[in-house]
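Engineer: build me a model:
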Amino acid sequence: MNKHQIQNYIRVRDRLTAWGFTSEEIDKLFRVERTLSRWSELECNGNIQRDEGTDLPRYYYELHNGEFVRGKSVIPDREKGALARLAKLMSAHPDYGAYNQGDPRGCALYIYPIKALEGRPIGSYYTSVGVAICV
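Structural biologist: Numbers count the residues shown, from 1 in each chain. Sure thing, here's the model as predicted:
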């Protein structure tokens, strides 16, 4: 990590610690964010696509001509697993919510105090009320 990334990491840890998250929970949040970020990147690139009938993820390989070919088997649904781990972790913090922002160009996970929303939709305010869980 460079100096800016270290400073950002410390700032995020300090904010979450002040909100009552433990070091272990913070580490888990960072792991969940990395998983969701990588999954979003692979979906955006077209490498992961969900089967329309079963909603199971499959890996697609890109050929030299830009065409995608479906792999032979279903892959583990890491997104679903990460979201389940996140829900379990957040259940210990009922005053806070988690927002998964699916655009791979930014942070994939934001933690925010629920009362800061004041009834507004999280999709419009996650950057102003939440803490980005990424370095």
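
Engineer: contacts and neighbour counts: CA atoms only from here.
Structural biologist: Fine.

Engineer: for Ala108, which non-adjacent residue is spatially closest?
Structural biologist: Beyond its immediate neighbours in the sequence, the residue positioned closest to Ala108 (CA to CA, 6 or more residues apart in numbering) is Gln101, lying 4.8 Å away.

Engineer: the residue lying closest to Lys115 once chain neighbours are set aside and Glu79, how far apart?
Structural biologist: Counting by CA to CA, 6+ apart, Lys115 lies nearest to Asp95, which is 7.5 Å off, once chain neighbours are set aside. When CA to CA, to the nearest Å is applied, the distance between Asp95 and Glu79 equals 24 Å.

Engineer: neighbour-wise, which of these two wins?
Structural biologist: Glu79 (17 against 12; other CA atoms under 10 Å).

Engineer: helix/strand/coil for the more buried one?
Structural biologist: Three-state assignment for Glu79 (DSSP: H, G, I helix; E, B strand; the rest coil): helix.
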